[in-house]
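Visitor: when you get a sec, could you give me coordinates for this:
(one chain, ligands or ions: 2)
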Amino acid sequence: MVQIPHPLLLGHRGSPRQARENTLESYRLALQAGLDGLELDVQRTHDGVLAIHHDFDLQGQPIATQTWAELRAKAPWMPRLEEVLELSQEFPGCWLNLELKSQPPETDGREQALVATLHQGPSLEQVWISSFDPLALIRLKNLGVGVPLALLAHQPEVLELLPCLPVQGVHPHHTMLSEASLANFKARGLFVSTWTVNDLTLAKTLLAWGVDGLIGDFPEILLPARG
Ligand code: G3P
Ligand code: MG
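Guide: Ligands and ions are numbered 1, 2, ... in the order given. So this is what the prediction gives:
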């Protein structure tokens with residue numbers, strides 16, 4: 001069971017309306033604004049670096065087929081995971097939700113790279129990993145990742161996989177949640193975070209229902225929602 005002290009407010013790719021998404025600047029702005037943590041998108045380059053980028057490609061070329069040097073030459077703003085872990089050290093107590101981007105069924109070793117990086121990095125107490133790819137979650141568990149795992153879902157039928165998966169949490173899109181479905185997840189011992197919450201009324205409703213985490217683009221909407 002994951003111990004989450006209070007509902008967490010997480011910046012979706014940082015504070016993406018103030019700075020380019022998934023950059024150190026965007027993360028810093030989200031944390032300086034007072035959010036509890038960050039959601040960020042993790043991928044593996046061809047030479048095994050964990051690069052932070054949302055889309056599976058950059059300028060039409062897959063991230064997975066490019067080296068870190070090639071990527072960084074094209075996108076000097078793109079951080080690697082180690083840089084984000086280092087930045088998080090400047091904000092004691094901050095939480096990190098690493099979303100592992102992965103396209104089933106094959107793996108290129110991204111789960112192993114993530115486990116190795118986390119095991120070499122700073123404290124893992126306030127880190128968890130989410131993924132839309134159930135196979136990636138199983139691989140992470142088999143590799144002894146040592147941090148909580150959560151299934152991301154934007155189709156209701158995906159939730160039927162939950163009993164088979166080694167997850168402690170679930171991240172449904174907010175349109176899939178109701179007070180009753182949230183209570184059902186919680187009764188099953190799962191923590192529940194949802195995305196992308198950019199509306200104050202919606203944020204307040206979800207918090208009143210008892211959601212454990214809100215992931216959104218606007219610190220100025222998330223923070224007043226919690227009051
Ligand atoms: O992790 C929540 C959310 O980021 C999932 O969707 O496409 O924004 O990465 P996406
Ligand atoms: Mg994401």
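
Visitor: hey, let's count contacts and neighbours off CA atoms from now on
Guide: Noted.

Visitor: point out where the chain drops to low pLDDT.
Guide: Applying pLDDT under 70 to the chain picks out residues 1-2.

Visitor: longest strand of it?
Guide: Once the chain is assigned using DSSP state E, the strand that runs over the most residues is strand 37-44.

Visitor: sheet partners, orientation included, of that strand?
Guide: Applying DSSP bridges to the sheet, strand 37-44 is found paired with strand 8-12 (parallel), strand 50-52 (antiparallel), strand 95-100 (parallel).

Visitor: relative to Lys204, which of those is closest?
Guide: strand 8-12 (11.8 Å; Cα to Cα).

Visitor: look up how far Pro224 lies from Leu202.
Guide: 12 Å (Cα to Cα, to the nearest Å).

Visitor: between these two, which one's more packed in?
Guide: Leu202 (14 against 11; other Cα atoms under 10 Å).

Visitor: tell me which element the more buried one is part of?
Guide: helix 200-209 (DSSP states H and E).

Visitor: now for that helix, which elements pack on it?
Guide: Helix 200-209 is packed against helix 179-187, helix 219-226, with contacts defined by 3 or more Cα pairs under 8 Å, 6 or more residues apart in numbering; DSSP states H and E.

Visitor: if you count neighbours, what's buried in it?
Guide: 200, 203-204, 206-207, 209 (16 or more other Cα atoms under 10 Å).

Visitor: name the residues that touch the helix or strand following that helix?
Guide: Moving toward the C-terminus from helix 200-209, the next helix or strand (DSSP H and E) is strand 213-216. Under the contact criterion Cα atoms under 8 Å, 6 or more residues apart in numbering, strand 213-216 has outside partners 7-12, 39, 192-198, 203, 222.
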